[in-house]
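> Any chance you could fold what I've pasted below:
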Amino acid sequence: MNRRSVLLLLLAVGALLALGIVMLASTGEFSQDAHGRPYFFVYHQLMWMGLGLGLCLVFSRVDYHFWVKKWPYIYGISLLLLICCFLPHIGAKINGSRRWIRLVGFTFQPSELAKFATVCLLSWWYSQEDRVEREFIRGFFVPLGCVAVLMFWTVIEVDVGSTALIGSTAITMAFIAGSRWRYVLTVCLMGGGGIAAAIAFLPERTGRFLAFLHPEKYPADAYQTQQGLIALGSGGVTGLGLGNGRQKLLYLPFAHTDFIFPVIGEELGLAGTLGVVFAYLIFILAGMSIAVKARDRAGLLMGMGLVMLVAMQAAVNLGVTTELLPNKGLPLPFISYGGSNLAFCLASVGVLLNIYRQGVSEKEEEHMEQMEMALQAQNKVVRL
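Alright, predicted model coming up:
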C-alpha cells in the first residue's frame, strides 16, 4: 500500500489539531463559559486530545475486525447511553437539548458512540458471505431499521444534526455496498420528509429555516450566521492577524465551538479558510485511499463509513457558517471545542491506521497486477 496516504492523513489531522488549539487560545477567553480563565477551553481540549490520541493508539493496534464482530455490544451500549440522557441526575439538559451525559465531572455525547455503532453494524452486515445487499428486506430494510432505532433516540434529544449525519452515513454505506438505486432514492426521500417534519414541528428549527430563507425578516434567528459572515468579510484575503478578531468579542455566539471557522477567516484571512478546506480534502482522499486498499469488504466499508462521518460533519459546519445551509449546531472536526467529538474523530483515525496496517501491501498489489496481466496474455494466446 502506498505509504503516502497514511502520511498525508496524519499530516492533515495534525495540522487541524494544531490550528484548533491556536484558535481556542484566541477565542476561548472571550466566551461567557470561560469562568474568567483565559485558557479554560484550551486546557480541557488538551485533556480530551490526550484521551483521543490514546484511543487513536489503541484503535490502531486493535484488529478492526474485532469492532465489526462485536457490533451487537457496541450497538447495545450506545442505545443504552442514548436512553440515559433522559434519566435524572445522569442526563444533562444544555441549551434546551438532552443530548449529554454528565458523570464524574465529565460531559459527553452518546451520539458519538452511536455513529461508531452504525459503521460497525453496517460493515458487518454487508460483509457477510451471502451478500444480501441487493435484497430489500435483508439487505436494506433490516439493517437500516436497526440504524433507525438509534436515529429515533437522537432526534428526540433534539439533535437533528447527528440524526441526519447517522442517516446519511448509513445510506452512503448501503450504496457503496451495492444496494439498488431505487431503495437508496426512496430512503433519501423519506429522510427529506423527516427533516421537513422536524422543521415544521420544532419551533426552534422552524425559525432557523425561515431565517435561512429570509434573514432580513428574522434578524433574531439569523443573528449568528450574519455575525459569522461579517467575520469572514472582515478578514478579507490576508486577515486581521492572529488574536485581532473583533467578532469573538461577544458579538459572535459560540465562536469557540460551532462558529470557529468564521473567526479563522477573520484572523487568518482567505489563506486560513482555504487551508482548512484543503486539509479536509487531504483527509478525505487519503482516508478513501486507505479504505479502497483494505484487505476485505469489512475494512472497505468501515473505512469509508468513518471517513464519510468526518467529511459530512465538516461539510455541514462549513456550509452553515458560510450560510449555504440552515443553521445547525455541528462542531468542526478536530478544530472546534468539544471533547467527545474530538475523541471520536481521533479514534476513527486509529481505525483507519489499523485498516492501513492490514491492507494490501505494495508488493502484493504489484504481484496481483502481474498475475492479472499474465492471465490477460494467456487468454489472448488461447484465442489465437
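
> drop to CA atoms for contacts and neighbour counts, all remaining ones
OK.

> Distance-wise, check the residue sitting nearest the centre point of the chain relative to residue 30.
A centroid search over the chain (Cα atoms, centre = their mean) returns residue 310, at 2.8 Å, as the residue closest to the centre. Distance check for residue 310 against residue 30: by Cα to Cα, to the nearest Å, it reads 28 Å.

> Double-check that residue 252 belongs to a helix.
No: applying DSSP: H, G, I helix; E, B strand; the rest coil, one finds residue 252 to be coil, outside a helix.

> quick one: average pLDDT of the helix ranked longest in the chain?
The longest helix of the chain (DSSP state H) is helix 260-292. Averaged across helix 260-292, the pLDDT comes to 95.

> So which bits of that helix are buried?
Of the residues in helix 260-292, 260-270, 272-273, 276, 279-280, 282-284, 286-292 count as buried by neighbour count, 16 or more other Cα atoms under 10 Å.

> what packs against the very next helix or strand once past that helix?
Heading C-terminal from helix 260-292, the first helix or strand you meet, by DSSP states H and E, is helix 297-321. Under the contact definition 3 or more Cα pairs under 8 Å, 6 or more residues apart in numbering; DSSP states H and E, helix 297-321 sits against helix 64-69, helix 110-125, helix 160-177, helix 219-235, helix 260-292, helix 339-357.

> Just give me how far the last one sits from the chain centre.
Looking back up the chat, that one is helix 339-357. Averaging C-alpha positions (Cα atoms, centre = their mean, to the nearest Å) puts helix 339-357 11 Å from its chain's average.

> on that earlier part again, list the residues that contact the residue nearest to the centre of the chain.
Applying Cα atoms under 8 Å, 6 or more residues apart in numbering, we find residue 310 in contact with 333, 345.

> for this protein, what helix or strand is lowest in average pLDDT?
Every helix and strand in the chain was compared by mean pLDDT, DSSP states H and E; the lowest is helix 362-383, with a mean of 59.

> which regions of the chain lie under the pLDDT threshold?
For the chain, applying pLDDT under 70 flags the ranges 1-2, 32-36, 95-96, 104-105, 129-134, 195, 198-205, 207, 360-384.

> what pairs with the longest strand along it, and is each one parallel or antiparallel?
In the chain, assigned by DSSP state E, the strand with the most residues is strand 97-103. Applying DSSP bridges, strand 97-103 is found paired with strand 91-94 (antiparallel), strand 106-108 (antiparallel).

> Could you tell me how many residues sit around residue 17?
Residues lying near residue 17 (other Cα atoms under 10 Å) number 19.

> Residue 242 versus the closest residue to residue 323 other than its chain neighbours, what's the distance?
Among residues not flanking residue 323 along the chain, residue 225 sits closest, at 6.4 Å (Cα to Cα, 6 or more residues apart in numbering). Using Cα to Cα, one gets 22 Å for the distance from residue 225 to residue 242.
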